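Asks: Predicted structure and sequence below. I'll ask about it afterward.
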Amino acid sequence: MEDKGIQVAIGLKRQQKVSTVSQSPLEALKEERATQCGSSLRGSYGRNCEHKKWRYDDLVARMQDKEMLVDWLMAEGLIAGGRLCPLCNEKMTLTKCEDRSDGWKWGCRRQENNKRHKTEISIRKGSWFEKSKMTLEEVLKLTYWWCQDLDQAQIKHELGLGESTGVDWDSFCREVCEISLLENSEILGEEGKIVQIDESKFGKRKYHRGHHVEGQWVFGGIEQDSRKCFLVAVEKRDEGTLLPIIQKWIAPGTIIVSDCWKAYCNLENHGYEHRTVNHSVEFVNEDGDNTNKIEGHWRHAKCKLPKFGVRKHLFSTYLAEFIWRYTHRNEDLFEVFLKDVKQIYAPTMVN
Ligand SMILES: [Zn+2]
């Protein structure tokens, strides 16, 4: 009985448009596989109701075949869902292809003025996947593991990547954090709110002959009652360097708590209320102000940042990664990352 029912259902679907309720075969396949994987493939990754955060199995479920994967990537806007032919400006057709690991490509073979043209464009164009020779699946796994904070050596091992590919992708991911922070960061403080500021030296301090000092000064601030923070790599920590950063990042009227470093002595003249903690005699001043939060932040940052061998121009991207992870600490980092990727790459019909 049941078999017959299924056959009838399939027969109906083959005739098409008989039932408005029935699913397409691809939909049915997706659902069946989703059940097998114990996760729901329906809807957006942001609306996964089975569990709040992405798990590796959820990703595996979406990568079972190219059809499902490409369908999902397009639905999420991670690759463009359509493309215009650069020759005739008409919509291109998504066609299956065996010669690319993606399994699909955009093509156009329209005839114009009695001449047929043939254009082909990768489905990756304009997307996060464009700059890579890896398969889509490999890029997704790498992205997922990076978000999970797996170290570079482990990711390299799992995907069999070469040294430079591993390093490149690590820096592509950090770049996403950096751009995301640049585009989404908010000013700290306001009238009556407290922001702690401090400077700290990162990296190993090696005193070689010739007084060569390694390390990087970082200046930072953190709002006392939130997760809002900024960290900026600086060459010097004089007033001329730090004051413009304070003015850029901290709203006027804010109560700034710092140690007694001389670069901060004019803050009151620039619209801030300034409270100091003299670390040579106390850790909490008479009014209970302290810089514990920013100091905890430094400790945390120093554990996470590479201890040595980081070239200065890369240092800011490591700081960005740290702040990005800190800011989104209780969120699903893979989901946040994909959102950032979409915002930054935003593949369209023409880019
Ligand atoms: Zn064309």
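Replies: The structure has been received and is ready for your questions. Residues are numbered from 1 along each chain as shown.
Asks: Every contact and neighbour count from this point should use C-alpha atoms.
Replies: Will do.
Asks: in this structure, which segments are predicted with low confidence?
Replies: 1-51, 203-214, 307-310, 312 (pLDDT under 70).
Asks: Next, please give the residue ranges for the strands of it.
Replies: 93-96, 104-108, 111-112, 115-116, 119-122, 194-202, 216-223, 229-234, 255-258, 273-276 (DSSP state E).
Asks: could I get those as TSV with distance to the ion and mean neighbour count?
Replies: What follows is the strands of the chain, written out as TSV (distance: least, Cα to the ion, whole Å; neighbours: other Cα atoms under 10 Å):
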stretch	distance to the ion	mean neighbour count
strand 93-96	10	16
strand 104-108	5	21
strand 111-112	8	10
strand 115-116	9	10
strand 119-122	6	16
strand 194-202	55	21
strand 216-223	53	23
strand 229-234	48	21
strand 255-258	61	25
strand 273-276	64	19
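Asks: And those strands: which comes nearest T327?
Replies: Of all the strands of the chain, it is strand 229-234 that lies closest to T327, at 8.1 Å by Cα to Cα.
Asks: what's the closest one packed up against?
Replies: strand 216-223, helix 312-327 (3 or more Cα pairs under 8 Å, 6 or more residues apart in numbering; DSSP states H and E).
Asks: which bits of the stretch 1-150 of the chain sit near the ion?
Replies: Taking Cα under 5 Å from the ion as the criterion, the stretch 1-150 of the chain approaches the ion at residues C85, L87, C88, C108.
Asks: And for P244, the neighbour number?
Replies: 11 (other Cα atoms under 10 Å).
Asks: Can you show me the helices along the stretch 201-350 of the chain?
Replies: 239-249, 292-304, 312-327, 333-345 (DSSP state H, counting those that start in this stretch).
Asks: Take those helices and lay them out in TSV including distance to the ion.
Replies: Shown next, in TSV, are the helices of the stretch 201-350 of the chain (distance: least, Cα to the ion, whole Å):
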stretch	distance to the ion
helix 239-249	49
helix 292-304	50
helix 312-327	41
helix 333-345	24
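Asks: So which of the ones you listed is nearest G192?
Replies: helix 239-249 (15.9 Å).
Asks: Report the angle between the closest one and strand 229-234.
Replies: Interaxial angle, helix 239-249 versus strand 229-234 (axes from the mean of the first three to the mean of the last three Cα atoms, to 10 degrees): 150 degrees.
Asks: from the chain's centre, how far out does the helix ranked longest in the chain sit?
Replies: Longest helix in the chain by number of residues, with DSSP state H as the criterion: helix 163-184. Relative to the centre of its chain, helix 163-184 is centred 8 Å away, using Cα atoms, centre = their mean, to the nearest Å.
Asks: Tell me which other helices or strands that helix touches.
Replies: By 3+ Cα pairs under 8 Å, 6+ apart, helix 163-184 packs against helix 136-147, helix 152-159, helix 312-327, helix 333-345.
Asks: Throw those into CSV and include mean neighbour count, thanks.
Replies: Formatted as CSV, the helices and strands packed on helix 163-184 follow (neighbours: other Cα atoms under 10 Å):
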stretch, mean neighbour count
helix 136-147, 20
helix 152-159, 15
helix 312-327, 18
helix 333-345, 18
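Asks: I'd like those as TSV, with distance to R174 appended.
Replies: Below are the helices and strands packed on helix 163-184 laid out as TSV (distance: least, Cα to Cα, whole Å):
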stretch	distance to R174
helix 136-147	10
helix 152-159	12
helix 312-327	6
helix 333-345	10
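Asks: show me where the stretch 1-150 of the chain has helices.
Replies: Using DSSP H, counting those that start in this stretch, helices in the stretch 1-150 of the chain cover 2-15, 25-37, 56-62, 66-75, 136-147.
Asks: Name the nearest residue to H328, sequence neighbours excluded.
Replies: V336 (7.8 Å; Cα to Cα, 6 or more residues apart in numbering).
Asks: separation between that neighbour and A61?
Replies: Separation of V336 from A61 (Cα to Cα, to the nearest Å): 20 Å.
Asks: Which residue does the stretch 151-300 of the chain have closest to the ion?
Replies: F172 (32.8 Å; Cα to the ion).
Asks: Just give me the neighbour total for that residue.
Replies: F172, neighbours per other Cα under 10 Å, totals 16.
Asks: Thank you, goodbye.
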